[in-house]
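>>> Provided below are the primary sequence and the corresponding predicted coordinates.
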Amino acid sequence: MPLRQLTMPRIVVLAYEYQGIPYSWGGGHKERPGPSTGTCQGYTGKIKPCPARRTRGLDCSGLTRLVYARAHGYDVLGPGNTDDHLRRMRKVTDPRPGDLVFFGKRRTHHVGIYLGDGKMMNAPETGAVVRVDDIAGRKHLRGYYRL
């Protein structure tokens, strides 16, 4: 194992394993965490008709749920959306790699895994794949959260 991987938090190492997985609205929300076909319920994406029922992948909260479950050995975030996951965490002012970064004003609408240096592992939108993105490129930063 490369030295860099030994010094990175387990959550970050695991997050990199899912780079390239297709985005699927509602993907990762079956009984057990992991890539799955999604749902078209509530879908408002640009690609029509909704491809989620035929796309096996992860949405943003499905990605964080899976990575945290693997890192902790059980489904610590549980099923649900970004608001459900946010309620299980505490806001921090000193973000560390492996924390979650949430976006939204009154309700949250997006979550990523903080990698450090202003970057996050991100399942951004229909038609994209899980990838590394700049946090600064997203609107409505809510903050950084930790279990």
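Thanks, I have the structure now.
>>> ok, then the element right after the longest helix belonging to the chain?
Criterion DSSP state H: the longest helix present in the chain is helix 60-72. Counting by DSSP states H and E, the next helix or strand C-terminal to helix 60-72 is helix 82-86.
>>> got the CA coordinates for that next one in CSV?
C-alpha atoms of helix 82-86 as CSV (Å, rounded to 0.1, in the frame of the first residue of the first chain):
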residue,chain,number,x,y,z
THR,A,82,-29.2,14.4,3.1
ASP,A,83,-31.4,15.9,5.8
ASP,A,84,-31.7,12.5,7.6
HIS,A,85,-27.9,12.1,7.5
LEU,A,86,-27.2,15.7,8.6
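>>> avg pLDDT for the longest helix of the chain?
Helix 60-72 shows a mean pLDDT of 97.
>>> tell me what it is packed against?
Counting contacts by 3 or more C-beta pairs under 8 Å, 6 or more residues apart in numbering; DSSP states H and E, helix 60-72 packs against helix 10-17, helix 82-86, strand 110-116, strand 119-122. (C-beta placed from N, C-alpha, C; glycine too.)
>>> buried ones in the longest one, by neighbour count?
What it means is helix 10-17. For helix 10-17, burial by neighbour count (16 or more other C-beta atoms under 10 Å) applies to I11, V12, V13, L14, A15.
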